[in-house]
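Novice: got a predicted structure here, sequence first:
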Amino acid sequence: MDRRCSSHIIPEIYEATIDPNHWDYVVSMIAKLTRSKSACLYYKNKNLEFASTIAHYGLSSDHELNFTHQCDWLDEMFRIKTSDESEPKCTQFCLGSNGVMTEDTPLFQNWMKSSGVHHVGGSQFVDTESHKVSIAIFRDKKAGEWPDGDLRVIDEILPHLRRALSIYFEFTYLRLRRDSLLKGLDRLVIGLILYDRSAKPVYINPTATAIIEQHPALQLQDGDLVLVNPEDEKNLRQTITDAAAIDPEDSWEQSVAIGITHPDVEAPLPLLVTPMHEHLITSDMDYEGAQVAVFLSDPNLQQPISVDNLVSVYNLTPSEAQ
């Protein structure tokens, strides 16, 4: 195997850190560079006792699913074969090799036999308190063992796989944080609208939408909040623009309250315009342009408050919460 071939895969490995779908291409390259029938990049979450494949190549859906139930056995074989190594290295074994795998081995009986796999290679290259990650390559009996040159391809990319997976898991964590934050904003019982510097909405939560749709002083036009009273409309736009220009160091001390009026409604509808630190709220979301938060609450609107949430937060009985 020409060593220069392995360098072609390194940029693709780091591309996969920001595009999870690219891992399938990376694994297909690993299989082709090592002249393997199939390959699989897999991990196990130790805290949840959950195993899954990150990407695979050359495996049917059934074989890929069944493989995750056998990964502990494979990792144990990798550990036995490389126990004397200070750094993870690619190793291989086949049926009957050094007594590591026999016909009675669960991995062979439950997966390799039905998959037509006779030779297994790879390495467990991440093993932390929370998770472990391994790469595995497979050949049938006819293809035979891998020459050393093919296995060196794996050795050369293992450090890059380890770094890239670390970045990938961090990005995944940030995405989960963002998704959780978005769900939290969506469930606010107070209306929330995020505006950019030019007073254009970049986010409106469901509660704000419900208030706008039911209050006669408000309208939703082309995804924007419009006030029926021209003076109120002008005042709100100017307040949002002014708030967006406030120094971030003083932003949380500069909230402005506005009362929105309508002749058919006795009490004004309160709006609170608050400039915000862009990096504190929107860095985990897709609303990087947001500069101003507008909170609105209609006391006459029935709010969708969860009884379970009231019980949990205020230590109430279900009947008290109702």
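Specialist: All right, it came through fine. Numbering: from 1, shown residues only.

Novice: ends of stretch 59-74, how far apart?
Specialist: Counting by CA to CA, to the nearest Å, you get 16 Å between the two ends of stretch 59-74.

Novice: got the contact list for that stretch?
Specialist: 38, 40, 42, 44, 51-53, 56, 105-107, 110-111, 114-115, 120, 122, 134, 136 (CB atoms under 8 Å, 6 or more residues apart in numbering). Just so you know, the C-beta spots here come from the backbone N, C-alpha and C atoms, and that holds for glycine as well.

Novice: also stretch 238-248?
Specialist: Stretch 238-248 is contacted from outside by 195-199, 251, 254, 256, 258, 273-275, 277-278, 291-292, 294, using CB under 8 Å, 6+ apart.

Novice: what about the residues you listed, which are in strands?
Specialist: Residues of these located in strands (DSSP state E): Y195, V256, I258, V273, T274, P275, V292, V294.

Novice: closest to P206 out of the residues you listed?
Specialist: V294 (15.1 Å; CB to CB).

Novice: run through the bridge partners of that closest one.
Specialist: Beta bridges link V294 to I193, V273, judged by DSSP bridges.

Novice: show me the shaky parts of the stretch 201-322 of the chain.
Specialist: 247-253, 277-288, 299-316, 319-322 (pLDDT under 70).

Novice: buried stuff in stretch 137-157?
Specialist: I137, F138, R139, W146, D150, L151, R152, V153, I154, D155, E156, I157 (16 or more other CB atoms under 10 Å).

Novice: filter those down to the ones in strands?
Specialist: Per DSSP E, these map to strands at I137, F138, R139.

Novice: next, count neighbours for the nearest residue to the first one once chain neighbours are set aside.
Specialist: Ranked by CB to CB, 6 or more residues apart in numbering and with sequence neighbours excluded, the top spatial neighbour of I137 is S36, at 4.0 Å. The burial metric for S36, expressed as a neighbour count using other CB atoms under 10 Å, is 25.

Novice: now do S198
Specialist: 11.

Novice: contacting residues for Y25?
Specialist: Residues in contact with Y25 (CB under 8 Å, 6+ apart) are E12, A16.

Novice: kindly recompute the last result at 7 Å.
Specialist: Shown in contact with Y25 (CB atoms under 7 Å, 6 or more residues apart in numbering): E12.

Novice: so which bits of the helix or strand hosting it are buried?
Specialist: Assigned by DSSP states H and E, Y25 falls within helix 23-33. Going by neighbour count (16+ other CB under 10 Å), the buried part of helix 23-33 is W23, D24, Y25, V26, V27, S28, M29, I30, A31, L33.

Novice: can you show me the strands along the stretch 101-250 of the chain?
Specialist: Here the stretch 101-250 of the chain has its strands, by DSSP state E, counting those that start in this stretch, at 119-127, 131-139, 191-195, 201-204, 218-221, 224-227.

Novice: determine which of the ones you listed approaches D298 most closely.
Specialist: Taking CB to CB, strand 191-195 is the member of these nearest to D298, at 7.8 Å.

Novice: how far is that closest one from where the chain is centred?
Specialist: From the chain centre to the centre of strand 191-195 is a distance of 24 Å (CA atoms, centre = their mean, to the nearest Å).

Novice: can you map out the helices along the stretch 101-250 of the chain?
Specialist: Ranges of helices within the stretch 101-250 of the chain are 106-107, 113-115, 148-186, 206-214, 230-244, based on DSSP state H, counting those that start in this stretch.

Novice: same list (these) but as JSON lines, adding distance to L74.
Specialist: Formatted as JSON lines, the helices of the stretch 101-250 of the chain follow (distance: least, CB to CB, whole Å):
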{"stretch": "helix 106-107", "distance to L74": "6"}
{"stretch": "helix 113-115", "distance to L74": "12"}
{"stretch": "helix 148-186", "distance to L74": "15"}
{"stretch": "helix 206-214", "distance to L74": "46"}
{"stretch": "helix 230-244", "distance to L74": "56"}
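
Novice: quick one: average pLDDT of stretch 126-136?
Specialist: If you average the pLDDT over stretch 126-136, you get 87.

Novice: that stretch spans what distance, first to last residue?
Specialist: OK, stretch 126-136 end separation, CA to CA: 13 Å.

Novice: show me what counts as buried in it.
Specialist: V126, H131, K132, V133, S134, I135, A136.
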